[in-house]
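A.B. asks: Here you go, sequence then predicted model.
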Amino acid sequence: MERIRNYIRGAWVDSQSGETFPSINPAYTEETIGIVSKSGREDVDAAVQAAREAYQGWRLTPAPRRGEILFRVAELLFRNKESLARLETREMGKILPEALGDVQEGVDMGFYMAGEGRRLAGETVPSELPDKDMKSVRVPVGVFGLITPWNFPIAIPAWKIFPALICGNTVVFKPSSETSVCAAKFVELFEQAGLPKGVLNLVHGPGGDVGEYLVSHPGVNAISFTGSLDVGKRLGQICGSIQRPIDTEMGGKNIIIVMDDADLDLAIEGAIWGGFGTSGQRCTAASRIGVHKKVYDTFVDKFQTAASRLRLGDGLRKETDVGPVVNESQFNKVLRYIGVGKEEGAKLILGGKARQEGDTSKGYFIEPTIFTEVVPKMRIAQEEIFGPVVSVIRTNDLSEAIRIANGTPYGLSAAIYTRDVNTSAVAERDLEFGIVYVNAATIGAEIHLPFGGVKHSGYGRKEAGGRGGALDTYSHVKVIYRDFSGRLQKAQIDKETS
Ligand code: UN1
């Protein structure tokens with residue numbers, strides 16, 4: 001059984017306590033993927049110390065040189081795509097084509113950020129005074145603590161690690177315990193690419209203990225977190241009390257709006273992949289579908305038929321469409337929510353239970369589940385379930401659909417299916433979400449525009465790329481005024497007092 005260790009100061013080390021925990025295949029819970037070091041505070045201390053010491057050297061390494069190392073990581077990631085994707089499927093359950101997509105997103109982010117090493121631009125503008133120049137430059141923030149979830153084991157760490165490093169920060173990376181093996185394999189590639197020791201450090205262990213300690217550690221300068229709303233809120237409180245910048249991405253209650261003029265087959269395909277892709281375990285999953293009353297019955301009928309054809313099983317098998325959910329606590333949570341939906345009076349038209357027979361007898365499998373006649377105030381229409389459960393809501397017109405869409409605490413991703421450009425324009429303007437799709441599902445964001453939500457879906461700046469995205473999160477802007485006349489202080493004072 002492979003031993004998965006922490007990576008601190010360029011060395012793979014056991015946690016100081018020597019304790020471990022297993023990483024389990026959610027499709028076959030008898031299969032252990034790796035035995036992982038369970039870290040404590042002393043391991044976080046060592047990792048932060050290593051990152052602090054490596055910071056001066058890395059900060060002063062020219063950004064294009066930093067980019068060359070990241071370019072090599074992206075190449076290695078591409079070369080290892082198949083094996084990493086297979087590992088990902090075994091470690092967290094998503095089907096192989098989706099796992100390949102996840103790794104590819106990491107590759108794309110790597111190449112993109114490597115190029116940013118030559119483009120870390122600031123501004124130069126003319127001064128009001130002669131013989132003076134002024135500019136802004138991007139500077140690193142320091143040591144970044146990065147906390148990542150299990151649903152995109154390579155892509156989300158890549159969204160954070162690549163921009164953090166290209167900007168000149170050093171990193172302590174705390175991945176979800178569910179995907180420790182993927183995280184370690186990813187970090188190995190940075191080592192192979194020649195990243196200097198201590199620039200990227202990896203600490204495995206429970207979020208409650210290791211993650212929170214990292215967030216409040218005096219040697220850390222800033223935090224980026226993707227995960228649940230509850231944890232994000234708590235980390236936000238900690239950071240607020242110690243004046244530490246934190247960027248959070250905390251999920252959603254995303255919606256697909258289907259208008260009466262929509263291409264229904266296209267909308268159904270979107271609802272299937274938005275709702276049940278990754279077993280509904282995406283922050284961007286379409287867990288609500290708001291369907292116009294004129295096409296409601298036809299939509300429901302076709303949606304049920306299409307979803308009933310989805311094949312549940314081990315994600316490594318070619319024929320599988322939907323894999324297991326990630327672990328026992330998610331399994332129980334999703335089943336609890338299905339119970340809540342029934343109690344609230346929604347109509348269960350598909351699924352609604354675990355499937356534990358034959359090939360699926362040893363894993364956390366839940367049938368694709370559809371509730372109809374859902375009303376917006378029901379908990380299943382308000383709270384993030386993070387499983388293969390979709391709520392269909394009847395709508396009367398566009399403005400009601402938008403009101404329903406906006407009527408939850410979240411605001412990550414929304415979609416509208418319509419053929420009318422004016423309807424689309426109104427939806428683009430009025431949906432209170434970080435991301436809006438037209439005639440496409442709520443999933444599938446690309447890495448070179450910012451990723452993130454509004455309201456309770458997240459705060460701080462944004463993930464991934466684009467202007468106002470990753471580079472703003474992972475760098476500070478420093479403004480420099482230079483007087484090369486030797487006479488300007490007086491002129492400035494005169495200006496202020498005139
Ligand atoms: C997430 O679930 O946190 O847009 C990220 C998408 C993916 C990323 C999802 N590219 O669905």
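C.D. replies: Ah, there it is. Numbering: from 1, shown residues only.

A.B. asks: so Q104 touches K81, yeah?
C.D. replies: Yes. Between Q104 and K81 there is a contact under C-beta atoms under 8 Å: 6.7 Å. Where you see a C-beta, it was placed from the backbone N, CA and C, and this is true even at glycine.

A.B. asks: and the stretch 101-250 of the chain, which residues reach the ligand?
C.D. replies: Along the stretch 101-250 of the chain, the residues adjacent to the ligand under the rule C-beta under 6 Å from any ligand atom are 151-152, 226.

A.B. asks: which one of the residues you listed is nearest R394?
C.D. replies: Among those, N151 lies closest to R394 (C-beta to C-beta), at 30.0 Å.

A.B. asks: So which of the residues of the stretch 101-250 of the chain next to the ligand sit within strands?
C.D. replies: T226 (DSSP state E).

A.B. asks: pLDDT and neighbour count for the residues of the stretch 101-250 of the chain next to the ligand - can I get that in CSV?
C.D. replies: Formatted as CSV, those follow (pLDDT from 0 to 100; neighbours: other C-beta atoms under 10 Å):
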residue, pLDDT, neighbour count
N151, 98, 26
F152, 98, 28
T226, 97, 27
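
A.B. asks: what is the rounded mean pLDDT of whichever strand or helix holds V172?
C.D. replies: Element membership for V172 (DSSP states H and E) is strand 170-174. Over the span of strand 170-174, the pLDDT mean works out to 98.

A.B. asks: now the helices: where do they sit in the stretch 251-400 of the chain?
C.D. replies: Assigned by DSSP state H, counting those that start in this stretch, the helices in the stretch 251-400 of the chain fall at 264-276, 296-308, 328-344, 398-406.

A.B. asks: Contacts for the longest one, please.
C.D. replies: Judged by C-beta atoms under 8 Å, 6 or more residues apart in numbering, the contacts made with helix 328-344 from elsewhere in the structure are 281, 324-325, 348, 351-354, 364, 366, 369, 371, 374, 378-380, 383, 385-389, 391.

A.B. asks: Quick check: which of these are also close to the ligand?
C.D. replies: Within those, nothing lies near the ligand by C-beta under 6 Å from any ligand atom.

A.B. asks: From these, keep the buried residues only.
C.D. replies: 281, 324-325, 348, 351-352, 354, 364, 366, 369, 371, 374, 378, 380, 383, 385-389, 391 (16 or more other C-beta atoms under 10 Å).

A.B. asks: Filter those residues down to the ones in strands?
C.D. replies: Among the buried ones among the contacts of helix 328-344, DSSP E puts 348, 369, 371, 374, 389, 391 in strands.

A.B. asks: Mind listing the residues bridging to the second one?
C.D. replies: The reference is to T369. V389 (DSSP bridges).

A.B. asks: State the three-state secondary structure for D209.
C.D. replies: helix (DSSP: H, G, I helix; E, B strand; the rest coil).

A.B. asks: Looking at the helix of greatest length in the chain now, give me its mean pLDDT.
C.D. replies: Identified as the longest helix of the chain according to DSSP state H is helix 96-116. Mean per-residue pLDDT for helix 96-116: 97.

A.B. asks: And for stretch 429-438?
C.D. replies: Stretch 429-438 comes out at a mean pLDDT of 98.

A.B. asks: Tell me where the stretch 151-300 of the chain has strands.
C.D. replies: Applying DSSP state E, counting those that start in this stretch to the stretch 151-300 of the chain gives strands spanning 170-174, 200-202, 222-226, 246-249, 254-258, 286-292.

A.B. asks: wait, doesn't V139 sit right on S475?
C.D. replies: Yes. Under the criterion of C-beta under 8 Å, V139 makes contact with S475 at 6.2 Å.

A.B. asks: any common contacting residues for those two?
C.D. replies: What both V139 and S475 touch, as defined by C-beta under 8 Å, 6+ apart, is the set G168.

A.B. asks: With neighbour numbers in mind, choose between those two.
C.D. replies: Higher neighbour count among V139 and S475: S475, with 21 against 16, using other C-beta atoms under 10 Å.

A.B. asks: What is the neighbour count of E82?
C.D. replies: 12.

A.B. asks: if I look at the closest residue to it other than its chain neighbours, how far off is the ligand?
C.D. replies: With sequence-adjacent residues excluded and distances taken as C-beta to C-beta, 6 or more residues apart in numbering, E82 is closest to L100, at 7.4 Å. Separation of L100 from the ligand (C-beta to the nearest ligand atom, to the nearest Å) stands at 13 Å.

A.B. asks: Same check on G468?
C.D. replies: 18 Å.

A.B. asks: Can you check what pLDDT the model gives the closest residue in space to that residue that isn't next to it in sequence?
C.D. replies: Once flanking residues are discounted, G468 sits nearest to P450: 5.6 Å by C-beta to C-beta, 6+ apart. Note on P450: pLDDT of 93.

A.B. asks: Which residues does P450 form beta bridges with?
C.D. replies: Listed beta-bridge partners, P450: A464 (assigned using DSSP bridges).

A.B. asks: So I166 sits against R118, correct?
C.D. replies: No. I166 lies out of contact with R118 (C-beta under 8 Å); the separation is 9.9 Å.

A.B. asks: Give me the common contacts of these two.
C.D. replies: 63, 67.

A.B. asks: so who does the residue lying closest to V48 once chain neighbours are set aside touch?
C.D. replies: The spatial neighbour of V48 that comes closest, neighbours along the chain excluded (C-beta to C-beta, 6+ apart), is G219 at 4.1 Å. Applying C-beta under 8 Å, 6+ apart to G219 gives the contacts 48-49, 51-52, 143.

A.B. asks: can you put the helices of the stretch 251-400 of the chain in JSON lines and add distance to L471, mean neighbour count and mean pLDDT?
C.D. replies: What follows is the helices of the stretch 251-400 of the chain, written out as JSON lines (distance: least, C-beta to C-beta, whole Å; neighbours: other C-beta atoms under 10 Å; pLDDT from 0 to 100):
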{"stretch": "helix 264-276", "distance to L471": "29", "mean neighbour count": "22", "mean pLDDT": "98"}
{"stretch": "helix 296-308", "distance to L471": "40", "mean neighbour count": "17", "mean pLDDT": "98"}
{"stretch": "helix 328-344", "distance to L471": "33", "mean neighbour count": "16", "mean pLDDT": "98"}
{"stretch": "helix 398-406", "distance to L471": "30", "mean neighbour count": "19", "mean pLDDT": "98"}
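
A.B. asks: can I get those helices in JSON lines with distance to the ligand?
C.D. replies: As requested, these are exported to JSON lines (distance: least, C-beta to the nearest ligand atom, whole Å):
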{"stretch": "helix 264-276", "distance to the ligand": "9"}
{"stretch": "helix 296-308", "distance to the ligand": "19"}
{"stretch": "helix 328-344", "distance to the ligand": "14"}
{"stretch": "helix 398-406", "distance to the ligand": "17"}
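
A.B. asks: Tabulate those helices in a markdown table, adding columns for distance to E123.
C.D. replies: Rendered in a markdown table, the data for the helices of the stretch 251-400 of the chain read as follows (distance: least, C-beta to C-beta, whole Å):
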| stretch | distance to E123 |
| --- | --- |
| helix 264-276 | 39 |
| helix 296-308 | 50 |
| helix 328-344 | 46 |
| helix 398-406 | 35 |
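
A.B. asks: I'd guessed G232 sits against V215; true?
C.D. replies: No. Using C-beta under 8 Å as the test, G232 is too far from V215 to be in contact (10.7 Å).

A.B. asks: Report the set of residues contacting both of the two.
C.D. replies: F225.

A.B. asks: Which of the helices or strands spans D133?
C.D. replies: Applying DSSP H and E, one finds D133 within strand 132-140.

A.B. asks: That strand packs against which elements?
C.D. replies: strand 123-126, strand 475-483 (3 or more C-beta pairs under 8 Å, 6 or more residues apart in numbering; DSSP states H and E).

A.B. asks: With that, I have no additional questions.
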